[in-house]
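Student: coords below, sequence missing:
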């Protein structure tokens with residue numbers, strides 16, 4: 001699981017604009033407790049396992065294009081909370097609007113993007129010690145992200161938590177600077193931050209002493225904590241041994257993988273996947289080209305090194321070490337690209353694991369029939385779920401990735417890197433394509449008036465009244481006996497053309513409506529929002545796609561749709577074939593394949609609007 005979790009808390013914006021310095025921004029990004037995240041439910045992020053190294057991008061509404069870049073900053077953890085301090089260094093329109101609105105007193109909030117690297121499900125009622133406190137999992141359980149990476153921080157008008165707010169008031173002095181006036185408790189928070197920063201700097205200076213001035217300067221500038229500073233000092237104080245003794249096996253597979261990733265410029269991916277020691281060992285090899293890697297692989301396998309380049313490459317590709325290292329790197333680059341590709345379906349699709357390619361059967365979550373009172377000594381009555389069964393199956397999708405020996409001789413790893421990354425993105429795109437092919441196909445009249453989950457006509461456009469009607473349709477779903485099914489709407493799914501309207505409906509404080517009707521927005525944050533371009537892609541999906549239709553879907557627990565994977569493996573499989581596998585080509589090949597399927601599941605957990613005004 002590598003989706004990005006968005007965690008929202010208070011944003012404290014403090015800015016001073018003049019010709020000499022950039023506007024400063026201080027963010028209390030996360031208070032360390034339980035957050036409700038659309039598509040995930042209750043989530044807690046363990047800040048002890050969060051990678052916050054390096055500079056953090058500050059964006060507007062998670063827009064990573066130039067239009068959405070606002071500034072940059074440094075993150076650190078203080079008293080069980082995530083703090084980001086930086087500056088509004090961009091000149092984009094979004095940055096200017098944020099500063100101006102802050103000057104006018106707009107209560108900005110923040111949303112941080114966290115990439116979960118390790119997580120576990122916490123059962124209801126279980127006590128977890130995290131972020132300096134004891135958290136009790138709610139009745140529905142919660143997700144604990146034990147290890148993750150901070151990707152970015154966004155300034156947003158409304159976050160996931162409706163209770164967050166910041167009071168900002170602007171004042172002018174004779175230099176026409178803008179200063180944010182905060183509440184007394186916010187001033188205290190700033191004083192605490194300043195005191196914590198003083199303690200951090202003092203600790204760094206104590207650890208570094210007089211011998212490590214360079215580490216001290218870097219630690220202070222890059223916002224290191226005392227643990228990381230002490231680790232760097234320990235590394236610097238380690239005895240330097242000859243390069244030939246840095247690793248017991250300088251040509252080992254892991255070291256070769258690290259060297260290949262270094263040649264690609266993917267040092268951060270290598271350190272994340274292989275560790276700092278492997279990357280240090282790769283540096284010690286002093287690899288300047290792919291031919292050096294070939295020589296190292298031959299030496300590791302105890303094979304004499306040919307002088308001829310062609311023979312050298314051929315011999316290296318016939319070893320165990322180099323092809324295996326290349327295959328492992330291909331897998332890492334592919335999976336990294338796969339995890340970075342958006343997957344909006346995860347907000348509403350239930351994930352299933354299947355053991356084979358046969359047709360599988362599942363029970364729709366809303367199958368009904370009330371439990372009945374049992375008289376003393378009486379017997380229980382039989383119920384039936386026959387009409388509430390749905391079926392689904394998986395299939396295999398795949399492709400080949402090859403690297404010619406000439407690419408290695410030419411030291412051209414960009415072909416290999418680009419192809420592996422492209423195949424990772426293609427794998428996720430193909431999975432998303434299948435999900436939306438299934439949704440748009442509407443097999444078996446899944447969306448229909450008879451199922452109470454479809455409407456069209458003048459009131460089906462995405463408006464306040466249209467969204468209200470869809471929510472009402474879902475909340476009033478009942479079985480044949482009139483029992484309420486208690487289905488809660490969770491996600492509004494729209495195409496890019498409807499995104500501005502959807503955000504206005506879900507984020508605005510006020511909605512302009514008819515005379516004598518309250519203008520307050522009762523739909524504010526009623527559901528989460530997912531924007532999916534496939535909904536309006538008529539070139540690929542034909543007439544099933546539309547610029548105007550939209551969907552309201554329940555949470556994954558109610559299974560509006562199902563996505564199934566063979567043996568629960570949610571990532572592609574990569575297999576290697578050496579030079580001796582194909583006589584027609586002097587190339588090594590990796591076979592990439594992925595086993596998955598998708599199906600519509602419970603019609604009562606989904607509503608479709610035709611959107612024709």
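Tutor: Great, that's in hand. In this text, all values refer to a predicted model and were calculated from it rather than measured experimentally.
Student: remind me which residues of the stretch 151-300 of the chain are low pLDDT?
Tutor: Under the criterion of pLDDT under 70, the regions of the stretch 151-300 of the chain flagged as low confidence span 158-191, 235, 237-251, 263, 288.
Student: need the strands for it, in chain order.
Tutor: Assigned strands in the stretch 151-300 of the chain, in chain order: 169-172, 178-181 (criterion: DSSP state E, counting those that start in this stretch).
Student: which stretches of the stretch 301-450 of the chain form helices?
Tutor: Applying DSSP state H, counting those that start in this stretch to the stretch 301-450 of the chain gives helices spanning 309-317, 321-340, 405-409, 414-441.
Student: Which helix or strand lies directly C-terminal to the last one?
Tutor: Downstream of helix 414-441, the next assigned helix or strand under DSSP states H and E is strand 454-455.
Student: give me every residue that touches the closest residue to residue 62 other than its chain neighbours.
Tutor: Counting by CB to CB, 6 or more residues apart in numbering, residue 154 is the residue found nearest to residue 62 once chain neighbours are left out, at 4.7 Å. Where you see a C-beta, it was placed from the backbone N, CA and C, and this is true even at glycine. The neighbours of residue 154, taking CB atoms under 8 Å, 6 or more residues apart in numbering as the test, are 58, 59, 60, 61, 62, 63, 110, 111, 112, 113.
Student: Where among the helices of the stretch 301-450 of the chain is average confidence lowest?
Tutor: Per-stretch averages of pLDDT across the helices of the stretch 301-450 of the chain put helix 405-409 at the bottom, with a mean of 63.
Student: picking up where we left off before, ok, now how distant is the residue nearest to residue 62 from residue 70?
Tutor: Separation of residue 154 from residue 70 (CB to CB, to the nearest Å) stands at 8 Å.
Student: what's the overlap in contacts for the two?
Tutor: Contacts common to residue 154 and residue 70, judged by CB under 8 Å, 6+ apart, are 58, 59, 60.
Student: And these, which is the shakiest by pLDDT?
Tutor: On pLDDT alone, residue 60 ranks lowest of these, at 82.
Student: dump the residue contacts of that residue.
Tutor: 67, 68, 69, 70, 92, 94, 95, 97, 98, 154, 155, 156.
Student: what is it paired to in the beta sheet?
Tutor: Per DSSP bridges, residues listed as beta-bridge partners of residue 60: residue 63, residue 155.
Student: Export the shared contacts of residue 154 and residue 70 as a markdown table, with columns for distance to residue 544.
Tutor: Compiled in a markdown table, the shared contacts of residue 154 and residue 70 are given as follows (distance: CB to CB, whole Å):
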| residue | distance to residue 544 |
| --- | --- |
| 58 | 39 |
| 59 | 33 |
| 60 | 33 |
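Student: partners of residue 35 in the sheet?
Tutor: When assigned by DSSP bridges, residue 35 has beta-bridge partners residue 43.
Student: How many residues are close by it?
Tutor: Residues contacting residue 35 under the criterion other CB atoms under 10 Å number 22.
Student: my guess is it contacts residue 42, does it?
Tutor: Yes: in this structure, residue 35 sits in contact with residue 42. The criterion is CB atoms under 8 Å, and the distance is 7.3 Å.
Student: Out of the contacts of residue 154, which end up buried?
Tutor: Applying 16 or more other CB atoms under 10 Å to the contacts of residue 154, the neighbour count classes 58, 59, 60, 61, 62, 110, 111, 112, 113 as buried.
Student: Run the chain-centre distance for the helix or strand the first one falls within.
Tutor: When secondary structure is defined by DSSP H and E, residue 58 falls within strand 56-60. Taking CA atoms, centre = their mean, to the nearest Å, one finds strand 56-60 lying 15 Å from the centre of the chain it belongs to.
Student: Specify the angle between the following helix or strand past that strand and strand 56-60 in degrees.
Tutor: Sequence order places strand 69-78 as the next helix or strand after strand 56-60, per DSSP H and E. For strand 69-78 against strand 56-60, the angle by axes from the mean of the first three to the mean of the last three CA atoms, to 10 degrees is 130 degrees.
Student: model confidence over the helix or strand that comes right after strand 69-78, on average?
Tutor: Taking DSSP H and E as the definition, the helix or strand that follows strand 69-78 towards the C-terminus is strand 81-87. Along strand 81-87, the predicted local confidence has a mean pLDDT of 84.
Student: Which residues does strand 81-87 contact?
Tutor: Applying CB under 8 Å, 6+ apart, the contact partners of strand 81-87 are 22-32, 45, 47, 50, 52, 56, 58, 71-77, 110, 112, 131, 150, 153, 193, 223.
Student: next one: that strand to chain centre, how far?
Tutor: In terms of CA atoms, centre = their mean, the centre of strand 81-87 is set 20 Å apart from its chain centre.
Student: so what secondary structure elements neighbour the next helix or strand after it?
Tutor: Remark: after strand 81-87, the chain's next helix or strand is helix 93-103, criterion DSSP H and E. Applying 3 or more CB pairs under 8 Å, 6 or more residues apart in numbering; DSSP states H and E, one finds that helix 93-103 makes contact with strand 56-60, strand 69-78, strand 178-181.
Student: let's see 7 Å
Tutor: Helices and strands in packing contact with helix 93-103 are listed as strand 69-78; criterion 3 or more CB pairs under 7 Å, 6 or more residues apart in numbering; DSSP states H and E.
Student: Each with direction, which strands does the strand it packs on pair with?
Tutor: strand 56-60 (antiparallel), strand 81-87 (antiparallel).
Student: hang on, the earlier thing: what is the nearest of the shared contacts of residue 154 and residue 70 to residue 559?
Tutor: Here the nearest of the shared contacts of residue 154 and residue 70 to residue 559, counting by CB to CB, is residue 59; it sits at 32.9 Å.
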